[in-house]
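Visitor: generate a structure from the sequence data that follows.
(one chain, ligands or ions: 2)
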Amino acid sequence: MASPILNAFLPATALVPLKQHAGPQARCVVSAGDVVKEGSLLGKADHSGSANIHSPIPGVIREVRQLRTVAGVAVEAVEIALEGRFERLGKREERYVWTSMNRNDIVQTIRDKGVVSMDAEARPLIELIQGSGASAIVLCGLESEPFLRTEASLLRAKTKEVFEGLGIIAKLLAPQGSYICIDDSEGDLPAHLAPHIAALKTQAELVVLEARYPQDLPRQLLSVIHRDRKPLAAKDALILSPSTAFAVYEAVVLARPLVERFVTVAGGAIKHPAVLKARIGTSIGDLIEECGGFLDQPSKLILGGPLRGYPVYDLDAPITKSTPAVLALSPEETGRSRVEPCIRCGRCRDVCPERLDPSEIQRNLGAGRRKEAEILGLRDCTLCGACGFICPSQLPLVEIFDTGLRTLGGEG
Ligand code: SF4
Ligand code: SF4
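Guide: Residues are numbered from 1 along each chain as shown. Ligands and ions are numbered 1, 2, ... in the order given. Now for the predicted structure:
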């Protein structure tokens, strides 16, 4: 269920990685001692797959240093100490009328402002749109994993802005239609969205799906969206989140670079879980403090969701363009100390979106029978994490399959 969105305080220090996107790191264009404004360029995208990086706060560059991301990648990061004032404060925000902008100007604006798909892939949005021959836009307001509230909350709280962003993307892609997907746990959200859907210039349809995880994987999502009585094919669909549409709105209508994002801060060890609008580069420690701190010693900290997120051990780690959540899970929620043998309950098979039998695969891998695991479909495993999350025996299925897949490598 959606939550109200709170504005996070400005961080006293922001640590901004120069790689927050799929491709190569952006080229650093600042040095220690430089004074920057909110939105100043820190890193310039010189390559395909790369996106511009901007300063989330006004201040002074303390240093440019190496940082190891939660995914284990070494990147350069710019540390900024908050100083000075926000130029926008107290001023009426200027709005640009995108309906009278030409296509090239919109494309250039979205590229300049560093907009990426606000998901784990974080692909530069313009590359995604230009490389797509899609005839439909799918606005996916489903939460990808348990605990997350980011997309549904945004869809409810910033409906007008999200739909304006969708309208801008539609102007670039010229689709035949749009599909807005939400799950059935969102109460009156369908009624709330109805006038916005009706006002879209292209044909649009609301698709309400049963709440389950993972529910945002393209193959599963598209299999339940029908056009002309057939499921929508992957080549025909551009799937975007409300966060991405909102970033497009801010870039084009308000001329704002991508320096903020919406983040769920949740888990049983957080005192006051919330969805925050926070500056990129804010430390997860600051965001947890903002939510009242820890209720209890967390058993696990995760950047992202419990199924596909990254464990994090450093409260100074910053959020990036692709961070949907910061989770602090209680020992009851992780239960990692109580790993038991498989009881053959079959729950993992019921939830596997690839229709695999995770229990059989793990049994074969455990016995060193890699070939059998491969025959059972190990190569089709997307490491979505649903089986491991549901397993009452707490078997670390995703880790087992990840290792198994790496062992298989290209052989076979
Ligand atoms: S959910 Fe866990 S315990 Fe149940 S069959 Fe699957 S692996 Fe075994
Ligand atoms: S991690 Fe693999 S086996 Fe487990 S549910 Fe996802 S696709 Fe199926």
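Visitor: in the stretch 51-200 of the chain, what residue comes closest to ligand 1?
Guide: Residue nearest to ligand 1 within the stretch 51-200 of the chain: residue 146 (15.7 Å; CB to the nearest ligand atom). From N, CA and C alone the C-beta is placed, and that goes for glycine too.
Visitor: pretty sure that residue contacts residue 302?
Guide: No: counting by CB atoms under 8 Å, residue 146 stays clear of residue 302, with 11.1 Å between them.
Visitor: okay, those two: which has more neighbours?
Guide: Remark: of residue 146 and residue 302, residue 302 carries more neighbours, 24 against 17, as counted by other CB atoms under 10 Å.
Visitor: is that one in a helix, a strand, or coil?
Guide: strand (DSSP: H, G, I helix; E, B strand; the rest coil).
Visitor: just list whatever residues bridge to it.
Guide: Here residue 302 sits in beta bridges with residue 311, residue 327, going by DSSP bridges.
Visitor: helix or strand for the closest residue to ligand 2 within the stretch 51-200 of the chain, which one?
Guide: Shortest the stretch 51-200 of the chain-to-ligand 2 distance, computed as CB to the nearest ligand atom: residue-wise this is residue 145, at 11.8 Å. Remark: residue 145 resides in no helix or strand, with elements defined by DSSP states H and E.
Visitor: count of neighbours near the nearest residue to it once chain neighbours are set aside?
Guide: Leaving aside its sequence neighbours, residue 145 sits nearest to residue 305 (CB to CB, 6 or more residues apart in numbering; 2.7 Å). For residue 305, the neighbour count with other CB under 10 Å is 24.
Visitor: with residue 316 instead?
Guide: Using other CB under 10 Å as the criterion, residue 316 is surrounded by 12 other residues.
Visitor: just residue 102 next, same as before
Guide: Using other CB under 10 Å, residue 102 has 9 neighbouring residues.
Visitor: test my guess that residue 186 contacts residue 151.
Guide: No: at 10.5 Å, residue 186 does not count as touching residue 151 under the criterion of CB under 8 Å.
Visitor: so between the two, which is more surrounded?
Guide: A direct count of neighbours by other CB under 10 Å for residue 186 and residue 151 places residue 151 higher, at 29 against 21.
Visitor: residues contacting that one?
Guide: Counting by CB atoms under 8 Å, 6 or more residues apart in numbering, residue 151 touches 140, 141, 142, 143, 144, 241, 242, 243, 324.
Visitor: do residue 110 as well
Guide: When contacts are taken as CB under 8 Å, 6+ apart, residue 110 is in contact with 125, 126, 248, 251, 252.
Visitor: does it sit in a helix or strand, and which one?
Guide: Assigned by DSSP H and E, residue 110 belongs to helix 103-112.
Visitor: in this structure, where's the longest helix?
Guide: What stands out as the longest helix in the chain, according to DSSP state H, is helix 159-173.
Visitor: check the contacts of residue 110 against ligand 1, which are close?
Guide: With CB under 6 Å from any ligand atom as the criterion, those include none near ligand 1.
Visitor: where do the domain boundaries of this protein fall?
Guide: 5-89+255-329, 98-253, 339-408 (automatic domain parsing).
Visitor: could you dump those to a markdown table with mean pLDDT?
Guide: Formatted as a markdown table, these follow (pLDDT from 0 to 100):
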| stretch | mean pLDDT |
| --- | --- |
| domain 5-89+255-329 | 93 |
| domain 98-253 | 91 |
| domain 339-408 | 90 |
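Visitor: in stretch 19-33, what's buried?
Guide: Residues of stretch 19-33 classed as buried: 19, 20, 21, 22, 23, 25, 26, 27, 28, 30 (neighbour count, 16 or more other CB atoms under 10 Å).
Visitor: hang on, the residue of the stretch 51-200 of the chain closest to ligand 2 packs against residue 306?
Guide: Yes: in terms of CB under 8 Å, residue 145 counts as a neighbour of residue 306; the distance is 6.0 Å.
Visitor: now do the shared contacts for those two.
Guide: Taking CB under 8 Å, 6+ apart as the contact criterion, the common neighbours of residue 145 and residue 306 are residue 385.
Visitor: who has more neighbours, these two?
Guide: Taking neighbours as other CB under 10 Å, residue 145 and residue 306 compare with residue 145 leading, 24 against 21.
Visitor: the residue of the stretch 51-200 of the chain closest to ligand 1: what's it in contact with?
Guide: Residue 146 touches 213, 305, 306, 307, 389, counting by CB under 8 Å, 6+ apart.
Visitor: what is the nearest of those residues to ligand 1?
Guide: Distances from ligand 1 to those, taken by CB to the nearest ligand atom, are shortest for residue 389, at 9.7 Å.
Visitor: now the element after the helix or strand harbouring the closest one, going C-ward?
Guide: Using DSSP H and E, the element containing residue 389 is helix 386-390. Counting by DSSP H and E, the next helix or strand C-terminal to helix 386-390 is helix 397-408.
Visitor: what is the burial count for the closest residue to residue 347 other than its chain neighbours?
Guide: Nearest residue to residue 347, sequence neighbours excluded (CB to CB, 6+ apart): residue 390, at 4.8 Å. Residues within reach of residue 390, counting by other CB under 10 Å, total 18.
Visitor: got it, and residue 68?
Guide: 12.
Visitor: may I have the phi/psi pair for it?
Guide: Backbone torsions of residue 68, given as degrees, to the nearest 10, read phi -100, psi 120.
Visitor: pretty sure it contacts residue 76?
Guide: No: under the criterion of CB under 8 Å, residue 68 is not in contact with residue 76, lying 11.3 Å apart.
Visitor: that older thread, save the contacts of residue 151 as a markdown table, and put in neighbour count and distance to residue 217 too.
Guide: Formatted as a markdown table, the contacts of residue 151 follow (neighbours: other CB atoms under 10 Å; distance: CB to CB, whole Å):
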| residue | neighbour count | distance to residue 217 |
| --- | --- | --- |
| 140 | 26 | 10 |
| 141 | 27 | 15 |
| 142 | 22 | 10 |
| 143 | 28 | 13 |
| 144 | 24 | 8 |
| 241 | 25 | 13 |
| 242 | 29 | 18 |
| 243 | 25 | 17 |
| 324 | 27 | 15 |
